[in-house]
Structures are given as C-alpha cells and as structure tokens.
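> got a predicted structure here, sequence first:
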Number of protein chains: 2
Amino acid sequence: MASHGARGRSGGRPTLEEVAARAGVGRGTVSRVINGSPRVSDATRAAVEAAVAELGYVPNTAARALAANRTDAIALVVPEPETRFFSEPYFSDMLKGVGAALSDTEMQLLLIFAGGDRERRRLAQYLAAHRVDGVLLVSVHADDPLPDLLAQLEIPAVISGPRSSAETLPSVDSDNYGGARQAVEHLLSRGRRRVAHITGRLDVYGAQRRIDGYRAALSDAGHGADETLIEPGDFTEEGGRRAMAALLERHPYLDAVFAASDVTAAGARQALREAGRRIPDDVALVGYDDSAIARHMDPPLTSVRQPIEEMGRRMIDLLLTEVADRRPLASRGLERRQMVLATELVSRSSS
Amino acid sequence: MASHGARGRSGGRPTLEEVAARAGVGRGTVSRVINGSPRVSDATRAAVEAAVAELGYVPNTAARALAANRTDAIALVVPEPETRFFSEPYFSDMLKGVGAALSDTEMQLLLIFAGGDRERRRLAQYLAAHRVDGVLLVSVHADDPLPDLLAQLEIPAVISGPRSSAETLPSVDSDNYGGARQAVEHLLSRGRRRVAHITGRLDVYGAQRRIDGYRAALSDAGHGADETLIEPGDFTEEGGRRAMAALLERHPYLDAVFAASDVTAAGARQALREAGRRIPDDVALVGYDDSAIARHMDPPLTSVRQPIEEMGRRMIDLLLTEVADRRPLASRGLERRQMVLATELVSRSSS
DNA sequence: AGGTACTGTGGGAGCGCTCCCACCGGTGAT
DNA sequence: ATCACCGGTGGGAGCGCTCCCACAGTACCT
C-alpha cells in the first residue's frame, strides 16, 4: 500500500547523501572523508565519521567504480590449468606473498585460471570489460599473446618472470643466473670436477639464464667449456630421467649434476640409481626451487631457493604503483620497473 | 588544445548509446538484445548484434551493477587459512565442480579465505558492501556466526555441510550416514567381528552422522552396542594415532577399524604398525574421503568416496536458483533446498 | 585599503547502464 | 467501424558515487 515502488530498497542501505544529511555537511565533504582526503577540517571529519558509524554506512562499490572509472580489484592470472596451480607450491607461495602485500589495501584480489581455450576467451572478455585495474601475470611462456592484449587494452600489468631480456613489461624475477652460479660454485667447492647440467624448457627465459650462470661459474673457475655436459630437459621428472641417462652415456665419469628444477633432479636421481651411481658419493646432485620434493627426497636434495613470497609482495608493489600512475602507454622508462631478487643455496646431503 | 576535458576517455570504449546509434535503434532495444530478452524482433536483434560486433562493444559491469543492483559475482568462502585450502584435495575438487557449473554462466567466482580475525573483518565489510550476489560456504563449524551474518544481510547462501539436522540454509551434503554404513557393512562382510570407529571432530555434524551410520550398521547386523569401540578423533593424523593406541589398549583383539577420514586412518595405521599389527591380516582399515593419501598409503586404503565435484556443481545450481528468486527472508520451504548425495566405497587392499 | 592566495566546503554534472512507462501500429473480437 | 489488446520499440528517470568548479572565509602580503 504505502509502497513507494522503489527498486532495491530492501535493506535501506544508507547512501552518501544520507550520511551527509546526518552529519550536516555536503556530499562532497563526506566523499572526501571516506577517501581520506587531507583537505577536511578535523571537526568536520569527526562529525562525518560519527554519522558513518551510526548509520553503518558502507560505500557502494559499483557506484564508485562507475563514477571513478576504477574497480579496486586486480587479477592474478595463471595461464595454467587449475590442477597445476594446486600441485605446485610455487603458486601457493606466490599467492601468500600477494595476499600479504594486499592485506592492508582496499584492493581485492581475483584469481583467474586461463588454462584452456575456453578460459582464455573468457579472460579476454573479462579484461576487455576492464573489470580489474591491473593484472599479475605468472608463469607466462615466451609466445603468449596475453601481454600484448593487456598492452593494447592499456591495463597495467606486472610479469613474474620476464619473457626475454627485452621484456617491456614491469617484472619481478629471481636471480636465475646468480642462483645457477651458486649451485655450480658449491659443487666445485666440494671438489667436484665434471659438473653436468640438465636444463629447463628452453623457451623459458629463466632456464636460459640458468644455463648462462652454469657456464659462467665453470669458466670463471678455469674449466674449459664442454657443451656436451649440457643436456636439455623440460622441467618434468621424465625429462630429467632421460637427460640424465643421456649424460651418463656420454660422460660415464661425471661427478656432479646441476638440474634446473627439483622435479628434474628427482628424475635424474632415478636414472642415477638405475645406473648404480650413489648420491652423493659417486655423483653430487643439486636442484632448483627448494620445493617439498627437495626436502623429502632420499637423500635430501641440495637446492636453490627463490624468494617466491617476496616476489609476490614486490609484484604487488610494482603493480600498485603502475595503477596509481595510470599513465597509458608505458611512458616512464623501466628504471625501477624490473627487479631481480637474490636466491639462496640450501645445502643438504645430496651434494 | 582540442581536449574536451572528458574523463576516462582513454580508449574510447563504446557505450550502449553508441551501439544504439549505430544500429539505428533506441538504448532500450540494445539493452534487451544484450540481456537476451525475447521481446525483440529478429531483424532488430540481428542489426544490434552486428553493431555490437563492429564496435567491439563490451558492457560496463559497474554501470550494470549500479543500475540493476546486482553484481553477477558469487563468492566461495573458505573459513580456513589458505594453507589448508592448498593441502586438502577436498577444496580443489570442490573448486573444480563449482568452476565447471559456472563456466556456462556470466557469473564470476571469487575465492575468499577467512581464516584469521583480520580476514573475517574484511569479509564482513565485503559482504556488507554487497559485492557478491550470493555465497557458497564450505567447511563451516557449528558455532560459526557467518551464516547469521549472511541471513541478516539477506544474501543468498548455500552451505556444503549442514551445521546440524536443523540447518536453515539450503545445503548440499554427501550421505555421511550411508557412507559410514557402507564402510562398516563392508568390513562385516569380510568376516570382521570387532569393528572399532575413530570419529571426526564431534562439533562437525557430518562426523556425528558417520557415528550414527557406524552404530546402525552394527546393530542391524545383530551386534550389541559397545560404545567403548568408539574413540573420538579430530580428523588429524596425530589424533588418529592417539585414538588407535587407546583402542588397542582397550580392545587388543579388535580386527577392524573405520576411521572418519583418510588422514585419521594414516595416523591409525602408524599406531597399528607400532603395535605390531599387520594390515589387513590382523586389522582391516577403512578411511573416508578417498583422497590421494588413500591411494598412496601402504597398503592402499579402502575408503569412502564423496562426490565432491558433484557437490560443488549442485551447490551452484541451488545458489543460482536462490539468487534468481531473490526473495528476501527465506520464504519458500526447504523442500528441494537440502540435498544429500550418495557416497561410494572404494575397495583397496587395506580391508 | 585592496589585492592575492590559500583552506575548506557545497553541489551540479555526469559515469553507463536498467527499468519502466508511454506509445505505435497491427490484429481480432464486438 | 470501434475498441481492447499485444508485440515491439524509444527514451526519461534514476542507481550512488566522484570530479570539479564555484565560492565563502581567513590570512598575509603590498
């Protein structure tokens, strides 16, 4: 009967206008208080805050997004099927860092899997609708078109591992070159002389950098370059097994192996066992990632740890700056926009 | 110079209005086409669709949310720290089902962890802002205030395991009672006579139902009730170990154990080993969840599988109906709003 | 005294949609 | 011929904010 016929009036959620009336000020002033503008007198601010508390006012995000043309949300895009996301500790560590860095922010984090084609299309639509202010990209392959799409849409993005040395996007990476050096130098310092390397996927920039680090450590120590000690892998266990078998055939007397990932090392370990080699007595083994696998391997695996959580935190820092600056078309130089974090060698009994 | 001074005009994203002009129709008509209303002639629809394609029009979500008072997003709320989410396959399976059910929808899924106090407050704020149209609640304890908050805010919600037999929220559950019966009947059919039970956390309704099922299977088979064969656990490995030890002390000659979870069974297995009991020769063991643990245990563990993915799918179905109906204050009865899905016994060599 | 420069404030305009009412012309009943 | 009705359509009003311009008041120069 008395119905006004108004829509959505269900709970009677208070609006900015109502808060303003209650506090005896104008709409603009309330908006300023809500958004923490300094250009408000203390007395007014207090009055507004009181009104907000009394009314239980909560800003309407949709209205804000529409008027201000921002969403206060960012997406963590994982171009992998969900399965990998759950099985690899890399992602959960990253998520932890990202979550921590975001926790004292108003920013909302969205987790988006874009493994299959269907999901890719959905994602493209999603980004085209500008439903996020920025994007965090992890585990991107060299030929992924996603970064270009983001650039075209002018959506700020930060990538977790640059796609190449010519990466144009702001990026955060761990020091793959240095990490590999550490690993090899460690092996050499333990008296090993014939150190082989099983690489990662060659289309991943980080894997290339690890090869570079491996080469540099050897040549710095005065070892001649022997490219036949390098065997390509693909970050998988099976790839590690195959590569190790090939290496053993070529170099029966090698006494150390640096594998580009812990999983690869696990495969290598298998092949070594099958060939009757003892670890570390006959062959020392070092992995990369310091994952759970490393700790649980028999014997426990020496591995290079990347500060993944820290990387997540830094990515957020970078992204939030990008978003705040919101300059279309990467205008500023890349001075402080590409960072590389140090790795750490975790020594266990496999070496 | 020529600047109009307009805000956000960066990319020149087309608006509804522009599409309407292009197609030579009114705004309302375009809106109708976009939203799939049937009250549009085929010719008009085609014209609009062409214009949409030519302009690359993508609806502005914020504007839609503001005008229509809905967000087209739902949240999966996990009242646990992220760690548990990643370590327990329960959640990833659930997520898979939910994702699948949502994939042919416009609905967006948000994943929200509300483990700590801080996160709880953030979540409350989030919900108060009505940033989602509905909520999926998993793994809620009996005394959690979250469901009440949701009811108060009139946000549709579906819960994955009812908190009690008097659950008021729509819910999807697996048949804990029937699953437990299956497990115990299986043990009895294998000739076991002294079947013990290690329970789950007693404040979890599902754990209670499993106890009921255990009791029913035994009494149906003509076994007198022996409450001393029931030992409380808490779903953890350590709890399982302790409970098993206690049981062995009380009943040295028991020949079977039904554990309320696979993790619990893993603990029980440990205690059995320490006591020199062989599995299944001396004592048969059955778990619950059919998780990876069950498959990898030595010996592989017989376990009760819950159709978790299916549960996720059903929860979405229920929730979407709730959201569509959008009746404030649960008006309809609960007829079709609480469903129970059948479980399946996966027999392996531990029994 | 008049000017200039701030600080703090109010409120109009507008963000891009949805909702709904009004309207138009064709159809069938009266 | 008149009326009621219905499928199809256009466009006004309004969702709750932010942005920005205008303006009052005060302070500090010349």
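All right, it came through fine.
> nearest spatial neighbour of residue A:290, skipping sequence neighbours?
residue A:305 (3.7 Å; Cβ to Cβ, 6 or more residues apart in numbering or on different chains). To be clear about C-beta, it is placed using only N, CA and C from the backbone, and glycine gets the same treatment.
> contacting residues for that neighbour?
By Cβ atoms under 8 Å, 6 or more residues apart in numbering or on different chains, residue A:305 lies in contact with A:289-290, A:343-346.
> now the phi/psi pair for the closest residue to DNA strand C within the stretch 151-300 of chain A, please.
Across the stretch 151-300 of chain A, the shortest distance to DNA strand C (Cβ to the nearest atom of the strand) belongs to residue A:154, at 14.5 Å. When read as degrees, to the nearest 10, the backbone of residue A:154 gives phi 60, psi 40.
> number of residues surrounding it?
14 (other Cβ atoms under 10 Å in any protein chain shown).
> give me the distance between residue A:196 and residue A:256.
7 Å (Cβ to Cβ, to the nearest Å).
> quick check, residue A:173 in a helix?
No: counting by DSSP: H, G, I helix; E, B strand; the rest coil, residue A:173 falls outside a helix, being strand.
> which residues sit against whatever helix or strand residue A:287 lives in?
For residue A:287, the element it lies in under DSSP states H and E is strand A:284-288. With contact meaning Cβ under 8 Å, 6+ apart, strand A:284-288 is reached by A:179-180, A:183, A:186-187, A:190, A:192, A:210, A:255-262, A:264-266, A:268-269, A:272, A:279, A:293-294, A:301-304, A:350-351.
> tell me the secondary structure for residue A:110?
strand.
> got a pLDDT number for it?
Looking at residue A:110, its pLDDT reads 94.
> for the one 3 residues further on, same thing?
As predicted, residue A:113 sits at a pLDDT of 91.
> partner residues bridging it?
Following DSSP bridges, residue A:113 is listed with bridge partners residue A:78.
> how about the contacts made by it?
A:78, A:80-82, A:85, A:119, B:99.
> that one and DNA strand C, how far apart?
Going from residue A:113 to DNA strand C by Cβ to the nearest atom of the strand, to the nearest Å gives 27 Å.
> quick check, residue A:299 in contact with residue A:351.
No: contact criterion Cβ atoms under 8 Å: residue A:299 and residue A:351 do not qualify, at 9.3 Å.
> touching both of these two, which residues are there?
What both residue A:299 and residue A:351 touch, as defined by Cβ under 8 Å, 6+ apart, is the set residue A:280.
> of the two, give the one with the bigger neighbour count.
Applying other Cβ under 10 Å to residue A:299 and residue A:351 shows that residue A:351 carries more neighbours, namely 24 against 14.
> so what's that one up against?
Contacts for residue A:351 were tallied using Cβ under 8 Å, 6+ apart; they are A:186-187, A:190, A:256, A:280, A:284-286, A:302.
> could you do residue A:127 as well?
Residue A:127 makes contacts with A:135, A:149-150, A:153, A:155, as judged by Cβ under 8 Å, 6+ apart.
> quick one: the helix or strand containing residue A:271 to strand A:284-288, angle?
Assigned by DSSP H and E, residue A:271 belongs to helix A:262-274. Here the directions of helix A:262-274 and strand A:284-288 differ by 160 degrees (axes from the mean of the first three to the mean of the last three Cα atoms, to 10 degrees).
> touching chain B at all, helix A:262-274?
No: Helix A:262-274 stays clear of chain B (Cβ under 8 Å from any Cβ of the partner chain), getting no nearer than 15.6 Å.
> chain center to that helix: distance?
Using Cα atoms, centre = their mean, to the nearest Å, the distance from the centre of helix A:262-274 to the centre of the chain it belongs to is 27 Å.
> who touches that helix?
Against helix A:262-274 from outside (Cβ under 8 Å, 6+ apart): A:198, A:200, A:233, A:235-245, A:248, A:257, A:259, A:279, A:282-283, A:285-291, A:293-294, A:297, A:301, A:303, A:350.
> sort out for me which of the residues you listed are in strands.
Counting by DSSP state E, the contacts of helix A:262-274 place A:198, A:257, A:259, A:285-288, A:303 in strands.
> among the residues you listed, who's most crowded?
residue A:257 (34 neighbours).
> if we can go back for a sec, can I get the contacts of residue A:127 in a markdown table with distance to residue A:339, secondary structure and neighbour count?
As requested, the contacts of residue A:127 are exported to a markdown table (distance: Cβ to Cβ, whole Å; DSSP: H, G, I helix; E, B strand; the rest coil; neighbours: other Cβ atoms under 10 Å in any protein chain shown):
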| residue | distance to residue A:339 | secondary structure | neighbour count |
| --- | --- | --- | --- |
| A:135 | 18 | strand | 27 |
| A:149 | 24 | helix | 17 |
| A:150 | 19 | helix | 19 |
| A:153 | 24 | helix | 17 |
| A:155 | 20 | coil | 21 |
